[in-house]
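Engineer: any chance you can model this:
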Amino acid sequence: MPSDLFLVRHHAQLDSTNEEAKRLAASGCAHGTVIWADEQTAGHGRYNRPWHSPPGNLFVSVVLRPSARASRGAELGFLAAVVVAECVVGLLPRPDPVALKWPNDVQIDGAKVAGILPEALSGGERLTWAVLGVGLNLADAPTDTPYRATSLRAHGATVTPEGGLQAFLMLLGQWLQRWEGAGFAPVRTAWLARAQGLGQEVTVTLGNRQERGIFRDLDADGAMILETGNGPRRITAGDVAFGAA
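Structural biologist: Okay, the predicted model is just below:
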């Protein structure tokens, strides 16, 4: 990818970088537009869950207009997770274990350090635009979440939001080029290499019911392949817990 792929728009404060990115995407902004905010007042993740957004952490959303089928949109969330995981590894001063929790959480030693929120709009069979939202805990992590959370600072890394953004965009450019040239296969391979719970028992909450089984694989489109007592299941959305429920 050329070094001038990304055009960064910096804000001291936004409601949500993803919401701003979607507004700009709808108004016709260019491929590679980056929305970066020092602070979010209404940051959110999947299912509109609030995202801890104090100054000092990284909040960024990237607008993409890839020439791809609409069915490939989900691949970009896994691509972003791989990028953030590699970014975290490169920023840590020691080799703490960095893993990916399906579908797109990034963890250090089992605690969540980043989340990815991919959103997309399609026109017919083609993607019109995709937005990749990333929240990365550089300096601070929430203490009131139902899961363990951590920050890079807690693992000995001192990283500014600008430094984190530069590292993220450099890797994103490289992985986008790989994805455009070779498809989802290299992304899937890289994601599986860091997959938490692969080959282990997991419980997936799907609305008001649960599925339990062995996490066997990642399908060619990013679905979790869950081996259950009733045969394999393709899981395309849900919350994953590890071990028996």
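Engineer: when you work out contacts or count neighbours from here on, use the C-alpha atoms and nothing else.
Structural biologist: Will do.
Engineer: next one: the longest helix seen in the chain to chain centre, how far?
Structural biologist: For the chain, the helix with the greatest residue count under DSSP state H is helix 161-182. Centroid displacement of helix 161-182 relative to its chain, using Cα atoms, centre = their mean, to the nearest Å, is 13 Å.
Engineer: give the buried residues for that helix.
Structural biologist: 161, 164-165, 167-169, 171-173, 175-176, 178-179 (16 or more other Cα atoms under 10 Å).
Engineer: neighbouring contacts of that helix?
Structural biologist: For helix 161-182, contacts defined as Cα atoms under 8 Å, 6 or more residues apart in numbering pick out 1-2, 5-6, 38, 56-58, 60, 79-80, 83-84, 86-87, 138, 186-187.
Engineer: buried subset of those, written for PyMOL?
Structural biologist: Restricted to buried positions by 16+ other Cα under 10 Å, the PyMOL selection for these reads:
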select buried, resi 6+38+56+57+58+60+79+80+83+84+86+87+138+187
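Engineer: so of the contacts of helix 161-182, which ones are in helices?
Structural biologist: L79, A80, V83, V84, E86, C87, P186, V187.
Engineer: for the residues you listed, give me CSV that also has pLDDT and distance to G231.
Structural biologist: CSV is the format used below for those (pLDDT from 0 to 100; distance: Cα to Cα, whole Å):
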residue, pLDDT, distance to G231
L79, 98, 28
A80, 98, 31
V83, 98, 33
V84, 98, 33
E86, 98, 34
C87, 98, 37
P186, 97, 27
V187, 97, 26
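Engineer: closest to A26 among those?
Structural biologist: The closest of the ones in helices among the contacts of helix 161-182 to A26 turns out to be A80 (Cα to Cα; 21.4 Å).
Engineer: quick one: the worst-scoring helix or strand of the chain on mean pLDDT to chain centroid distance?
Structural biologist: Taking mean pLDDT, DSSP states H and E as the measure, the chain has strand 239-242 as its least confident helix or strand, at a mean of 89. Distance, stretch centre to chain centre, for strand 239-242: 16 Å (Cα atoms, centre = their mean).
Engineer: other residues contacting that strand?
Structural biologist: Contacts for strand 239-242 (Cα under 8 Å, 6+ apart): K101, W102, G197, Q200, E201, V202, T203, V204, T205, L206.
Engineer: check which helix or strand the most centrally placed residue in the chain maps to.
Structural biologist: Residue closest to the average C-alpha location in the chain (Cα atoms, centre = their mean): I116, at 2.6 Å. Following DSSP states H and E, one finds I116 within strand 111-123.
Engineer: helices or strands up against that strand?
Structural biologist: helix 75-91, strand 105-108, strand 126-136 (3 or more Cα pairs under 8 Å, 6 or more residues apart in numbering; DSSP states H and E).
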